[in-house]
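[1] Got a predicted model here, sequence first, then my questions.
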Amino acid sequence: MSTTERPPEMEDPAADAPTPEAAGGGGKWGIAPWVFWPSLAIIGTFVAVTLAFPEAAGNAFSAIQSSIIGGIGWYYVLLIAAFVVFSLWVGIGRFGSIRLGKDEDRPEFSLPVWFAMLFATGMGIGLVFWGVAEPLNHYASPRPGVTGDDTELAQQAITQSYIHWGVHAWAIYVVAGLGIAYAVHRKGRPISIRWALEPLLGDRVKGGLGHAIDVIAVVGTVFGVATSLGLGVSQIAAGFEFLDLFTATNTALVILIVVITGIATASVVSGLDKGIKILSNTNMILAGVVLLAVLLTGPTLFLLRDFVQSIGLYLQNVLQLTFDVSAFEGEAGAAWQAGWTTYYWGWWMSWAPFVGVFIARISKGRTVREFVAGVLLVPTAVTFLWFTVMGGSALYAEVFGSGGYVAEDGTVNTNSTLFTLLSGIPGGPIWVGLGILLITVFFVTSSDSGSLVVDMLASGGDPNPPTWSRVLFAVLEGLVAMALLLVGSGTLGALQTASIITALPFSLVLIGIMFALHRAFKGEVEERQRVMRAVERREMAHEASEHVFGQLEEYRLDEYAANGNGNGNGTANGNGAASGHGAKGAKGEAPRVLRRRRREAAK
């Protein structure tokens, strides 16, 4: 057998693949009842209780913020570090050649298109909201224990932002996306989180445990997307207030949520190939235009130099900052961790089902090594550039220019810093309006994409879930965002707390996915090695049979020639003549021996 042939022992990985019905989907109304109804009950109860008793809900969030969150920060820090190590290990090591699809599959998208789609997912609205605000906050109120002059604090602010938005965040998406991509493309499973855990849990993913996993994913995604929507609405309202169009009251926030959720609902109904695709392309173009405008009209040379320098400082300090939990900084350190690092790790994990499904869908045919390298490095590089240009421009104005971003009391207006920066570009009001449009488009994209993914999970993995349930989840995301904003009186506290808490159960799912991937990858490598050993044994046996055949053939011909070309019997008579009986017997026996040896060697 040639080594290029597909050995019979390697079964088609997608053979006998489960359908959405295996997860309880495809039933009445096109939903998976044991996922849809529990998720709806949890989300609906939260919205109803929060809107009915906002003060009590606010007190509950405050209690959670001060007690539970302070106690899980160390766990989140260790977990994110484990995700980074795991991602690098599977990408660099022996598992890197495994293909996310059948062995003959090749990527559906070219590298440039795939890279653009990777960046478009996951963090758009967050980058717009925090791109200017986060470095300024770290500069004005550094992490407890960080000291230095203005330039040192500014540089530290960029580096800290890199930690929150770089490799660590995308390592979470590597774990989730890799598990889903392997299950969907390699094993032919439906698009559902439960199947990523099949190598670990077996057939139990088809029952109650699998339903619980998908319910956790649905609820976590809804709250994660709602957090982003709350951020977006707060900044849109601040933009209108910056232009003196109206005051950002709670009523204004509710009206904005209703209007933009309506647009998102229309988009999600139109599907991936229309509304969502058009909006995704639009927000990428708008973001690129804004980034170039700030870069070219600002301190261009400084920003380019700062980009290179900040990458070096990030690499120099990444290990220490990865494990920093402000242990010796007392209550101030715990509060800072809860408001920043712990919040981010929870936010990213709550987004992991949504982003993981999206990345998995566009990565069919890529190897594990390509997947890890692309997901970790490309979005991270673009994110670093965004923070350097947007945040670095504001920091340059504070350190070397006229300031205007940090108030006299040392506070930063997080919602309006983007518009302060854009107003400094020639034609300022136009750029502020473009900034509002950019946030709105990202808002709509996050809502409609999140609704579609949540609906796929709630329908048992159906890639084309019912339209009515898409509308339902789009509305629910808007209601959750509204409830969180009203409880927090328009502040970020409730949004941050919701993200951190809803991510806690899903963190256990992510841990399970890591172990499941290791078991599946190890099994694939061992099976591949077993097949290759079998192929080598067969080829060696084939070569040995050819060698034996050659020797016997040579022996038969030599003997045939030595006996007078078959005219002798192998013994000489008195006249020197020979009979042909012995030679003829040898001539008939040799082929039989050869045929027998060949059959034995081929077994």
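    The structure has been received and is ready for your questions. In this text, all values refer to a predicted model and were calculated from it rather than measured experimentally.
[2] roughly how far apart are the residue most central in space within the chain and P466?
    Central residue of the chain (Cα atoms, centre = their mean): Y173, 2.6 Å from the mean position. For Y173, the distance to P466 equals 27 Å [Cβ to Cβ, to the nearest Å]. Any C-beta I mention is one placed from the backbone N, CA and C, and that applies to glycine too.
[3] I'd say the residue nearest to the centre of the chain and G356 touch.
    Yes. Using Cβ atoms under 8 Å, Y173 is in contact with G356, at 6.0 Å.
[4] give the contact list for P463.
    191, 456 (Cβ atoms under 8 Å, 6 or more residues apart in numbering).
[5] For it, give me phi and psi.
    When quoted as degrees, to the nearest 10, the phi and psi of P463 stand at phi -70, psi -10.
[6] distance of it from F358?
    Distance, P463 to F358, by Cβ to Cβ: 12 Å.
[7] Same question for Y405.
    34 Å.
[8] how about the one helix or strand A237 maps to: buried residues?
    For A237, the element it lies in under DSSP states H and E is helix 208-242. Across helix 208-242, burial judged by 16 or more other Cβ atoms under 10 Å covers 210-242.
[9] Excluding chain neighbours, what is closest to T151?
    Nearest residue to T151, sequence neighbours excluded (Cβ to Cβ, 6 or more residues apart in numbering): V399, at 6.1 Å.
[10] From the chain's centroid, how far away is stretch 58-71?
    Here the centre of stretch 58-71 is set off from its chain's centre by 29 Å, with Cα atoms, centre = their mean, to the nearest Å.
[11] which residues does L200 contact?
    Residues 512, 515-516, 519 are the ones in contact with L200 under the rule Cβ under 8 Å, 6+ apart.
[12] Sorry, slip of the keys, the one I care about is V205.
    23, 194-195, 197-198, 213.
[13] 7 Å instead?
    194-195, 197-198 (Cβ atoms under 7 Å, 6 or more residues apart in numbering).
[14] and the residue lying closest to G435 once chain neighbours are set aside, how many neighbours?
    Leaving out its chain neighbours, the residue that sits closest to G435 by Cβ to Cβ, 6+ apart is L422, at 4.9 Å. L422 has 26 neighbouring residues, counting by other Cβ atoms under 10 Å.
[15] One more: A176?
    When counting by other Cβ under 10 Å, one arrives at 29 neighbours for A176.
[16] Kindly provide the distance from it to D448.
    In terms of Cβ to Cβ, A176 sits 20 Å off from D448.
[17] Can you tell me the element Q337 falls in?
    Going by DSSP H and E, Q337 is part of helix 330-339.
[18] Show me what that helix is packed against.
    Contacts defined by 3 or more Cβ pairs under 7 Å, 6 or more residues apart in numbering; DSSP states H and E place helix 330-339 against helix 68-92.
[19] continuing past the helix it packs on, what's the next helix or strand?
    Past helix 68-92, the next helix or strand by DSSP H and E is helix 111-120.
[20] which of the residues in the next helix or strand after that next one are buried?
    Toward the C-terminal end, the helix or strand that comes next after helix 111-120 (DSSP H and E) is helix 124-140. For helix 124-140, a neighbour-count test (16+ other Cβ under 10 Å) marks 124-140 as buried.
[21] With only the CA atoms kept, save the very next helix or strand once past helix 124-140 in CSV.
    Using DSSP H and E, the next helix or strand after helix 124-140 towards the C-terminus is helix 150-165. Listed next in CSV are the C-alpha coordinates belonging to helix 150-165 (Å, rounded to 0.1, in the frame of the first residue of the first chain):
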residue,chain,number,x,y,z
ASP,A,150,4.1,61.6,33.8
THR,A,151,5.9,59.9,31.0
GLU,A,152,6.4,56.7,33.0
LEU,A,153,2.7,56.7,34.0
ALA,A,154,1.7,57.2,30.4
GLN,A,155,3.8,54.4,29.2
GLN,A,156,2.5,52.1,32.0
ALA,A,157,-1.1,53.0,31.0
ILE,A,158,-0.6,51.8,27.4
THR,A,159,1.1,48.6,28.6
GLN,A,160,-1.7,47.8,31.1
SER,A,161,-4.2,48.3,28.3
TYR,A,162,-2.3,45.9,26.1
ILE,A,163,-2.6,43.2,28.8
HIS,A,164,-6.3,43.6,29.1
TRP,A,165,-7.0,43.5,25.3
